[in-house]
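[1] Below is the sequence, then the predicted model.
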Amino acid sequence: MTVPKTLTIAGSDTSGGAGIQADLKTFQEFGVYGMTVLTTIVAMAPRTWDHLVYPVALDVVEAQLKTVLEGIGFDAMKTGMLGSVEIIELVAGYLKKHDLKRIVIDPVMVCKGTDEVLQPENTEAMLELLIPGADLVTPNLFEASQLAKTGSIRTVEQMQEAAAIIHERGARHVLIKDRGKIKEGKAMDLLYDGHTFEWFETDSVNTSFTHGAGCTSSAAVTAGLAQGLSVREAVEQAKQFITQAIAGGFRLNEFVGPTLHAAHRLQQNDLS
Ligand code: PXL
């Protein structure tokens with residue numbers, strides 16, 4: 001039996017719901033083998049939940065990249081929080097050098113709850129260095145508005161316009177994800193391949209326990225690509241998975257509630 005191999009190049013979310021933890025849990029749920037290159041460690045102040053972000057030293061990131069890219073290989077990979085322009089440059093250099101395929105770029109800019117980009121220079125570096133080689137870019141509405149340099153996105157037409165602009169920057173597919181802002185009560189995701197706008201629509205689950213949803217959804221698409229699905233098929237499979245994970249979202253403490261990665265295999269009774 002050949003086991004599909006996936007890689008995530010991302011940050012560690014100490015609280016376990018997002019980042020590399022979400023990616024590995026998701027890979028496991030799909031039965032694919034997960035590997036990691038850790039770029040940043042995020043800890044939280046216990047009384048305020050202010051995020052403390054510690055980038056991993058560049059030579060340590062490089063040693064990890066070499067381990068996987070030169071020592072093992074993969075069937076599909078994704079990026080998450082990359083932490084600094086230097087890390088983005090390093091990762092982009094390795095992806096190019098090895099002519100890698102099935103690359104998902106999740107353009108993480110902030111953690112949930114804030115609409116302020118911590119490091120705007122990272123957005124520019126992602127646009128220049130990572131988007132052009134991506135098979136799929138998976139921004140939420142906010143990240144899409146930053147990448148496309150549009151104002152805030154509120155309508156179906158604005159979502160399509162942003163997808164087209166990001167596609168122009170060199171991504172082969174763009175998946176923009178929304179929950180409730182475009183159409184009340186709906187989670188509307190838009191996939192654009194340069195020719196067709198395709199909508200994936202579900203009822204929006206009424207919960208604020210969605211921490212890590214973006215990471216989980218892009219990891220689910222990555223797992224599908226590693227299994228040999230097309231981008232479209234992988235997006236469809238991931239949409240079902242993330243909808244269930246959000247439905248199983250739970251309170252971790254007074255500040256945060258993550259999605260439940262195992263939700264798709266649990267009965268409704270187990271979740272309530
Ligand atoms: O959800 C965005 C995100 C991504 N990666 C890491 C994070 C977070 C938010 O907390 O900590 C490592």
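    Structure's in. What do you need?
[2] Low-confidence stretches in the stretch 151-272 of the chain?
    268-272 (pLDDT under 70).
[3] near the ligand, which residues of it?
    212, 214-215 (CB under 6 Å from any ligand atom). Backbone N, C-alpha and C define where each C-beta goes, glycine included.
[4] Just the buried ones from those?
    Buried members of those, scored by 16 or more other CB atoms under 10 Å, are 212, 214-215.
[5] Export these as a markdown table, with columns for secondary structure.
    Shown next, in a markdown table, are those (DSSP: H, G, I helix; E, B strand; the rest coil):
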| residue | secondary structure |
| --- | --- |
| 212 | coil |
| 214 | helix |
| 215 | helix |
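[6] list the contacts for residue 54?
    Contact partners of residue 54, counting by CB atoms under 8 Å, 6 or more residues apart in numbering, are 40-43.
[7] Mind picking the one among these that's closest to the ligand?
    residue 42 (3.7 Å; CB to the nearest ligand atom).
[8] Pretty sure residue 12 sits in a helix.
    No. Residue 12 is assigned strand when assessed by three-state DSSP, not a helix.
[9] Spatially nearest residue to it (excluding sequence neighbours)?
    residue 41 (4.8 Å; CB to CB, 6 or more residues apart in numbering).
[10] quick one: secondary structure of that neighbour?
    Following three-state DSSP, we place residue 41 in the strand state.
[11] Name whatever forms a beta bridge with it.
    Taking DSSP bridges as the rule, residue 41 bridges to residue 12, residue 54.
[12] picking up where we left off before, closest to residue 58 out of the buried ones among the residues of the stretch 151-272 of the chain next to the ligand?
    Closest approach between those and residue 58, by CB to CB: residue 215, at 22.8 Å.
[13] what about the closest residue in space to the closest one that isn't next to it in sequence, neighbour count?
    In this structure, residue 215 finds its nearest non-sequential neighbour in residue 22, 4.1 Å apart by CB to CB, 6+ apart. Counted with other CB atoms under 10 Å, residues neighbouring residue 22 total 29.
[14] who's in contact with residue 132?
    Residue 132 touches 169-171, counting by CB under 8 Å, 6+ apart.
[15] Let me have these in CSV, extended by secondary structure.
    Listed next are the contacts of residue 132 as CSV, based on three-state DSSP:
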residue, secondary structure
169, coil
170, coil
171, coil
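[16] now that we have those, which one has the most neighbours?
    residue 171 (28 neighbours).
[17] ok, now how distant is that one from residue 130?
    Distance, residue 171 to residue 130, by CB to CB, to the nearest Å: 9 Å.
[18] Show me whatever sits in contact with both of those two.
    Joint contacts of residue 171 and residue 130 (CB under 8 Å, 6+ apart) are residue 105.
[19] Check which residues of the helix or strand containing residue 235 are buried.
    Here residue 235 is covered by helix 231-247, with elements defined by DSSP states H and E. Under the neighbour-count criterion of 16+ other CB under 10 Å, helix 231-247 has 231-232, 234-239, 241-247 buried.
[20] just to revisit the earlier point, between the residues of the stretch 151-272 of the chain next to the ligand, which is nearest residue 145?
    residue 214 (14.7 Å).
[21] quick one: the residue lying closest to the closest one once chain neighbours are set aside from residue 188, how far?
    Computed as CB to CB, 6+ apart, the closest residue to residue 214 that is not its neighbour in sequence is residue 140, at 5.8 Å. Counting by CB to CB, the gap from residue 140 to residue 188 is 12 Å.
[22] Good, wrapping up.
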